[in-house]
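Visitor: below is the structure, and that's it, no one-letter string:
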C-alpha cells in the first residue's frame with residue numbers, strides 16, 4: 001500500500017526565500033515580488049534555478065500594473081487612473097476645484113465649476129451700521145444682480161433707503177442721477193396705482209415710503225429689493241433697474257415698486273452705497289447678495 005505524507009498534501013508557505021534554508025517539495029517562497037513552489041528538495045538553490053523551483057505568480061512593474069505604487073503616487077491627495085498605456089498619476093487639484101473629464105473624454109482632470117451666475121459676495125447687515133458700501137464690480141462682469149432681503153431699520157426714525165452709485169473715487173454725488181418709476185399698492189377691498197419718481201441732489205432717494213422699523217413694529221414689516229446693474233463696464237449712462245416691495249402693517253397694504261435709474265457720470269461704476277435717509281441703523285437680519293452674470 002502506498003504511503004501518504006499528510007504533511008505534504010498542500011502548499012507550505014515559507015515566506016521570503018533564504019539561501020540557508022532546506023526546502024521540500026510543495027514549499028512556497030517569495031522572491032523579488034514573485035512566488036515560487038519547490039519541485040525538488042534542495043538547499044541553497046535560488047528560485048531562478050528551474051530544476052528546483054517553478055514560478056507560481058509574477059510581480060508586475062511597480063507603478064504601472066503592480067502593487068507597489070509609491071513611485072507613481074507621490075503626494076497626498078494624488079489619484080490613480082489608467083490611460084492607454086497603464087496606470088498614471090493625477091496630481092491633486094486646488095481648493096474649490098472639482099474632478100471632471102477632459103475635453104476628449106479620455107482622462108480625468110481637475111477644473112473649476114462653470115456657471116452663468118457667480119456669487120461675488122454675501123453680507124449680513126449689523127444693527128450698529130447705518131450704511132453699506134461695496135466695490136464688488138469689476139471688468140470680469142458687465143451685468144450684476146443684487147438681492148437685498150429683509151431690509152429694515154432698528155429704530156423708529158422715519159426715512160427711506162438712499163442709494164448712491166460708486167466709482168474709483170467713491171460715492172457719486174451731485175446731479176448725476178435720473179430716475180423714473182411706478183408703484184402699485186393693493187389693500188383689502190381695492191387697489192390703487194400711481195406714478196412716482198424722487199430725485200435727491202446728493203443721492204437717490206429710493207421712495208417716499210418709509211423703511212420699516214423693528215422698534216415700534218408699526219408701519220412696514222420689511223422691504224425686499226432686486227437690483228439689475230447693466231453695462232457696468234461702460235463709461236456712458238449706466239442703467240440700473242430696481243424692483244422692491246413691502247408690507248404695511250397698519251393699513252394692511254402690499255406695495256410693488258419699480259424704479260429705473262440712469263447714472264450720467266462718465267466713469268466706470270465700481271459698486272454702490274445704501275443708507276437710511278434719517279441716519280438710523282439697519283436691523284440685524286438684512287442680507288445683501290451680489291452675483292456677476294457671464295455674457
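Guide: Yes, it's here. Computed from a prediction, not measured in an experiment: that's the story for all the values here. Numbering: from 1, shown residues only.
Visitor: where does the residue nearest to the spatial centre of the chain sit: helix, strand or coil?
Guide: For the chain, the residue lying nearest the average C-alpha position, counting by Cα atoms, centre = their mean, turns out to be residue 96 (6.7 Å). Of the three states, residue 96 takes coil under DSSP: H, G, I helix; E, B strand; the rest coil.
Visitor: wait, it touches residue 112, no?
Guide: Yes - the pair formed by residue 96 and residue 112 meets the contact definition of Cβ atoms under 8 Å, at 6.9 Å. To be clear about C-beta, it is placed using only N, CA and C from the backbone, and glycine gets the same treatment.
Visitor: quick one: stretch 236-251 to chain centroid distance?
Guide: When C-alpha coordinates are averaged (Cα atoms, centre = their mean, to the nearest Å), stretch 236-251 and its chain have centres 29 Å apart.
Visitor: pull out the buried positions in it.
Guide: Using 16 or more other Cβ atoms under 10 Å as the test for burial, stretch 236-251 gives 238, 240, 242, 244-248.
Visitor: contacting residues for the residue nearest to the centre of the chain?
Guide: The contact partners of residue 96, taken as Cβ atoms under 8 Å, 6 or more residues apart in numbering, are residue 112.
Visitor: separation between it and residue 106?
Guide: With distances defined as Cβ to Cβ, to the nearest Å, the gap from residue 96 to residue 106 amounts to 24 Å.
Visitor: show me how this structure divides into domains.
Guide: 8-57, 117-293 (automatic domain parsing).
Visitor: okay, those domains in TSV with mean pLDDT next?
Guide: As requested, these are exported to TSV (pLDDT from 0 to 100):
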stretch	mean pLDDT
domain 8-57	92
domain 117-293	80
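Visitor: list the contacts of the nearest residue to residue 291 once chain neighbours are set aside.
Guide: Of all residues beyond its chain neighbours, the one nearest residue 291 is residue 145 (4.6 Å), with distances taken as Cβ to Cβ, 6 or more residues apart in numbering. Listed by Cβ under 8 Å, 6+ apart, the contact partners of residue 145 are 117, 226-229, 290-291, 293.
Visitor: could you look up the SS state of residue 145?
Guide: Following three-state DSSP, residue 145 is assigned to strand.
Visitor: buried residues, stretch 267-277. List them.
Guide: With the criterion 16+ other Cβ under 10 Å, stretch 267-277 contains buried residues 267-277.
Visitor: give me whichever of the domains of the chain is most buried.
Guide: When those are scored by mean count of other Cβ atoms under 10 Å, the highest mean neighbour count falls to domain 117-293 (a mean of 17).
Visitor: check the offset of stretch 82-95 from the chain's centre.
Guide: Taking Cα atoms, centre = their mean, one finds stretch 82-95 lying 24 Å from the centre of the chain it belongs to.
Visitor: with stretch 24-35 instead?
Guide: For stretch 24-35, the gap between its own C-alpha mean and the chain's C-alpha mean amounts to 54 Å (Cα atoms, centre = their mean).
Visitor: ok so residue 15 is a strand residue?
Guide: Yes - note on residue 15: a strand contains this position according to three-state DSSP.
Visitor: so which of the contacts of residue 145 belong to helices?
Guide: Within the contacts of residue 145, no residue falls in helices by DSSP state H.
Visitor: format these as TSV; extra columns: distance to residue 39.
Guide: Below are these laid out as TSV (distance: Cβ to Cβ, whole Å):
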residue	distance to residue 39
117	71
226	84
227	85
228	84
229	83
290	77
291	74
293	75
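Visitor: alright, calling it a day.
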